[in-house]
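Visitor: One predicted model, sequence on top.
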Amino acid sequence: MARVVLVTGVSRYLGCRLAGRLAADPRVDRVIGVDTSPPDRADLDLLGRTEFVRADIRNPLIAKVIRQAAVDTVVHASVTATPHRVGGRTPMKELNVIGTMQLLAACGKSDTVRRLVVKSTTAVYGSSPRDPAVFSEEMAAKRLPGSGYAKDAVEVEGYVRGFSRRRPDVAVTTLRFANFVGPYIDTPLTRYFQLPVVPTPLGYDPRLQLVHETDAIETLRLAATSDRPGTFNVAGDGVMLLSQAIRRAGKVALPVPAPAVSFVGRAIRRSGVVDFSPEQMQFLTFGRVVCTERLRDDFGYEPAYDTPGAFDTLLAGRPVSKVISPVLVASAERRLGRLLRVPVAGEPDGWRPDADGEVRHG
């Protein structure tokens with residue numbers, strides 16, 4: 001059982017809630033939360049007895065924090081996919097890659113660290129037309145990500161594997177999460193489905209696989225409190241087509257020809273509404289599905305939400321205004337059914353079209 005846990009990225013959504021869950025566990029003696037900025041006032045109650053340390057993991061001084069607190073478990077949850085929150089793509093890469101290198105160096109010098117948990121992403125598999133139907137953990141990307149968060153994650157995992165070889169006495173767990181959704185978490189994908197008109201690549205309907213925010217936090221908690229070494233895909237069962245998700249959200253799809261996809265993505269990114277990156281556009285073109293058998297059998301966790309269920313909580317938990325009203329759709333279906341003289345679900349008994357096509361009660 002973990003005694004002293006250090007959580008990076010504690011001022012962000014997942015890191016804050018994970019630290020709070022760990023702090024609520026009486027078996028954990030101390031929880032130390034590290035980030036470059038303090039948590040929001042609204043999140044302070046969630047942190048409980050977590051001790052916040054304002055520190056930059058890119059600075060070698062992180063080793064002093066680990067040494068003085070005699071940390072035995074490190075949860076690296078600060079790898080980020082949203083450059084606007086850290087000042088741009090260059091600072092994002094420095095935080096993701098250089099920060100990970102410094103943190104691993106600090107763990108490598110520590111005599112007390114015995115467990116390392118790293119939050120990664122299924123984006124390391126990339127998205128391309130040559131992808132297999134389902135990725136398992138031992139597979140590699142058919143086309144390596146060339147930029148952004150996905151490329152950072154590939155480099156981070158490379159450094160983590162090197163650390164594991166140098167310190168075989170440390171239990172290392174790498175969790176590759178699918179895209180996060182839920183009633184509260186804010187990500188580029190959740191903002192994408194809040195657009196009034198949703199741009200989609202013309203001629204493509206990718207398969208999406210999602211993970212609910214509570215499943216993500218619970219997986220991180222389990223990895224932090226017990227030795228579950230290895231690399232695991234974390235996602236809800238099942239898939240959704242992009243077109244199904246858009247219809248479910250009551251939105252209107254705007255098919256965009258392939259040559260204009262990059263232009264539209266840049267325009268939306270400049271607007272500040274959604275931070276579209278090239279790898280995210282690839283994902284929305286080709287999709288990505290992973291196998292979670294190892295998560296259930298070896299890690300020992302069954303997600304509470306499947307992909308459609310997780311997506312439904314996104315729609316229920318925030319004001320995702322529907323452009324197409326379900327009431328209007330149902331009304332149109334009834335009118336069409338009457339015109340075609342086809343029974344429609346929910347139509348009162350005894351209503352039928354007469355010879356003139358008028359619907360009368362009889």
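Guide: Yep, that arrived.
Visitor: Enumerate every residue touching the closest residue to residue 43 other than its chain neighbours.
Guide: In this structure, residue 43 finds its nearest non-sequential neighbour in residue 16, 4.8 Å apart by C-beta to C-beta, 6 or more residues apart in numbering. C-beta: built from backbone N, CA, C; applies to glycine. The contact partners of residue 16, by C-beta atoms under 8 Å, 6 or more residues apart in numbering, come to 10, 33, 39, 43, 46, 47.
Visitor: from what I can see residue 172 touches residue 229, true?
Guide: Yes. Using C-beta atoms under 8 Å, residue 172 makes contact with residue 229 at a distance of 5.8 Å.
Visitor: all strands in the stretch 101-250 of the chain, in order from the N-terminus.
Guide: 115-121, 171-177, 179-181, 197-201, 207-208, 210-212, 230-234, 240-241 (DSSP state E, counting those that start in this stretch).
Visitor: And those, which one averages the lowest pLDDT?
Guide: Sorting the strands of the stretch 101-250 of the chain by mean pLDDT places strand 197-201 lowest, at a mean of 90.
Visitor: Give the buried residues for that one.
Guide: 198, 199, 200, 201 (16 or more other C-beta atoms under 10 Å).
Visitor: go on, stretch 47-54?
Guide: So for stretch 47-54, counting by 16+ other C-beta under 10 Å, buried means 47, 50, 52.
Visitor: cool, and stretch 92-112?
Guide: Those would be 92-97, 99-104, 106-107, 110, for stretch 92-112 by 16+ other C-beta under 10 Å.
Visitor: Could you report the distance from the residue nearest to residue 43 to residue 170?
Guide: Note on residue 16: its distance to residue 170, by C-beta to C-beta, to the nearest Å, is 25 Å.
Visitor: Could you list which of the buried residues of stretch 47-54 belong to helices?
Guide: residue 47 (DSSP state H).
Visitor: Please compute how far stretch 78-96 lies from its chain's middle.
Guide: Centroid separation for stretch 78-96 versus its chain: 16 Å, with C-alpha atoms, centre = their mean, to the nearest Å.
Visitor: Okay, buried residues for the lengthiest helix in the chain please.
Guide: The residue-count maximum for a helix in the chain (DSSP H) belongs to helix 148-166. Neighbour-count burial for helix 148-166 flags 148-157, 159-160, 163-164 (criterion: 16+ other C-beta under 10 Å).
Visitor: leaving aside the residues next to it on the chain, what's closest to residue 312?
Guide: residue 248 (7.6 Å).
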